[in-house]
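K.L.:
Coordinates for the following, if possible.
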Amino acid sequence: MSGIERVVTSGTFELDGGSWEVDNNIWIVGDESEVIVIDAAHDAKAIEDAVGNRHVVAVVCTHGHNDHITVAPQLSADLDAPVLLNPADDMLWRMTHGDKQFRTIEDGQVLKADGIELHAIATPGHSPGSTCLYAPALGAVFSGDTLFQGGPGATGRSFSDFPTILGSIKDKLGKLPADTVVYTGHGDTTRIGDELVNYDDWVARGS
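P.N.:
Residues are numbered from 1 along each chain as shown. So this is what the prediction gives:
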């Protein structure tokens with residue numbers, strides 16, 4: 001049976017000289033034999049314990065902020081799985097991991113675990129390479145820090161832009177079915193329709 005599992009880890013988000021304590025959601029998508037891990041935050045052991053003996057197709061990082069890639073190289077080595085990241089976030093990756101390598105994930109790319117397709121959707125704004133993963137068969141989208149319960153992800157730091165994230169949400173995520181469940185990078189889940197009804201308020205807030 002295919003499903004979605006959540007692991008929550010705790011650590012720090014660091015950018016522009018600041019440091020903030022955060023809890024991150026790591027999503028494991030697949031079945032009892034094969035999975036995809038979404039994000040690589042803080043604690044490799046907790047993620048590896050949740051994966052168990054299952055084959056990991058890939059560790060996909062929704063974007064390059066350090067709290068989403070903290071243990072990506074370790075997971076890659078321990079789980080014998082490639083790390084995928086949109087190359088537009090290369091500069092963020094290098095802030096944390098220097099010249100360690102990742103593989104690229106591009107807009108429209110499709111990954112499969114247990115026959116479940118995850119479609120990569122480029123959603124720049126929170127970061128240049130922010131990428132959501134849409135699973136039509138599960139009625140789910142994994143939004144990283146692009147969309148939360150309550151609105152768009154933060155855009156007040158380097159390499160982010162509020163009009164760009166609004167465009168990504170409206171033009172990309174807004175095309176998904178309204179009842180699509182949004183599995184976020186932090187905090188609780190929501191639904192596309194429950195958030196998009198507030199789009200005009202977000203625009204007004206940023207003007």
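
K.L.:
for this structure, what spans make up the strands?
P.N.:
Using DSSP state E, the strands of the chain run over 3-15, 18-30, 34-38, 55-60, 83-85, 103-104, 110-113, 116-122, 131-135, 140-144, 147-148, 151-152, 181-184, 190-191.

K.L.:
Out of those strands, flag the one nearest residue 171.
P.N.:
strand 116-122 (10.2 Å; CB to CB). All C-beta atoms are positioned from the backbone trio N, CA, C, and that covers glycine.

K.L.:
Contacts for that closest one, please.
P.N.:
2, 29-30, 36, 60, 86, 105-112, 129-138, 141-142, 168, 172-173 (CB atoms under 8 Å, 6 or more residues apart in numbering).

K.L.:
Are any of the residues you listed buried, and if so which?
P.N.:
The neighbour-count criterion (16 or more other CB atoms under 10 Å) marks 2, 29-30, 36, 60, 86, 105, 109, 111, 129-135, 138, 141-142, 168, 172-173 among the contacts of strand 116-122 as buried.

K.L.:
so who does the spatially closest residue to residue 97 that is not a sequence neighbour touch?
P.N.:
Distance criterion CB to CB, 6 or more residues apart in numbering; nearest residue to residue 97, sequence neighbours excluded, is residue 73 at 6.0 Å. With contacts defined as CB under 8 Å, 6+ apart, residue 73 is in contact with 83, 97, 100.

K.L.:
Most neighbours among these, which one?
P.N.:
residue 83 (24 neighbours; other CB atoms under 10 Å).

K.L.:
how near is that one to residue 63?
P.N.:
As judged by CB to CB, to the nearest Å, residue 83 and residue 63 stand 13 Å apart.

K.L.:
where in the chain is pLDDT low?
P.N.:
1-2, 207 (pLDDT under 70).

K.L.:
contacting residues around the longest helix along it?
P.N.:
Secondary structure of the chain per DSSP state H: the longest helix is helix 162-171. Helix 162-171 is contacted from outside by 122-126, 130, 146-147, 152-153, 155, 195-196, 199, 202-203, 206, using CB under 8 Å, 6+ apart.
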